[in-house]
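Student: I would like the atomic coordinates for the input below:
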Amino acid sequence: MLNKSEVVELDSGLIMENFMVNNGTACRFVSVVTKTPVVKIKAANPWNAGAKTESGLYKISQKIGVVNANYNLSVRNRIADKLGVDLSSVEYTGGKSSYIHIMTNDGKPSCVLVKASNPNDGVFYLQYFPHKSFHNTYVNETGETVLTEDVKPWLYVEKERPSFKPCVIAPKFSNILKLKATGVIFETPEFEEAEAILAQ
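Tutor: A predicted model of the protein is given here:
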């Protein structure tokens, strides 16, 4: 049973961001619950959701994954494995990223990101390599569950990711309702509502 004293109640996302920067650069498993506005959706959808608004329809997800993974090394490992060659014989240079890593106190890139196009806007993102998704639930503006089959016709078909590239996402810290890492659990006031929805 979880001792509630181990749970850090958040009134500011900066606490979570600072923890992730100061937690070091070791590759580790982290679980998250996120509530993200759906923006990649066709116009005229019933929820008035889309790229021009961050309201209308949200996706609540519970995932376990990895932070501080080396993306380029992961790609090289997958290519070497697929081709049956030594890792040392595989070279890979990633494309230009839309994000910049916040550096740790010892000058290493952390898993906390800012947008390269506007690094001083005060919005921080978590570089996250999802391993497994346990729940994905859509909710509307009032918190009512929306069936996935009702949402699916409005979503764009996603491009297939090359098998040698790992899945990596960058949720805003402001969209993370719960984060569990290294024995510390961070929860926002909205987490209990999301937990109830995921339990349905």
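Student: Strands along the protein, start to end?
Tutor: For the chain, the strands defined by DSSP state E cover 7-9, 28-37, 57-67, 99-103, 109-115, 125-126, 129-140, 145-146, 176-181, 184-187.
Student: C-alpha coordinates for the longest one, CSV please?
Tutor: Listed next in CSV are the C-alpha coordinates belonging to strand 129-140 (Å, rounded to 0.1, in the frame of the first residue of the first chain):
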residue,chain,number,x,y,z
PHE,A,129,10.2,6.6,-24.9
PRO,A,130,6.9,4.8,-24.3
HIS,A,131,7.3,1.1,-23.7
LYS,A,132,3.7,0.1,-23.0
SER,A,133,0.4,1.9,-22.9
PHE,A,134,-2.1,0.6,-20.4
HIS,A,135,-5.1,2.8,-21.0
ASN,A,136,-6.2,5.4,-23.6
THR,A,137,-9.5,7.2,-23.0
TYR,A,138,-11.0,10.2,-24.7
VAL,A,139,-13.0,12.8,-22.7
ASN,A,140,-14.8,15.9,-23.8
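Student: mind checking how far that strand is from the chain centre?
Tutor: Computed by CA atoms, centre = their mean, to the nearest Å, the separation of strand 129-140 from the middle of its chain amounts to 10 Å.
Student: From the contact counts, what lies against it?
Tutor: Counting by 3 or more CB pairs under 8 Å, 6 or more residues apart in numbering; DSSP states H and E, the packing neighbours recorded for strand 129-140 are strand 57-67, strand 145-146, helix 148-151, helix 191-198. Where you see a C-beta, it was placed from the backbone N, CA and C, and this is true even at glycine.
Student: Quickly run through the sheet partners of that strand, with directions.
Tutor: strand 57-67 (antiparallel), strand 145-146 (antiparallel) (DSSP bridges).
Student: Can you tell me the centre-most residue of this structure?
Tutor: Taking CA atoms, centre = their mean, the centroid of the chain lies closest to P171, which sits 3.7 Å from it.
Student: And the pLDDT for the residue nearest to it when sequence neighbours are not counted?
Tutor: The shortest distance from P171 to any non-neighbouring residue, by CB to CB, 6 or more residues apart in numbering, is to T34 (5.0 Å). At T34, the model reports a pLDDT of 95.
Student: pretty sure T34 contacts I176?
Tutor: Yes: under the criterion of CB atoms under 8 Å, T34 makes contact with I176 at 5.4 Å.
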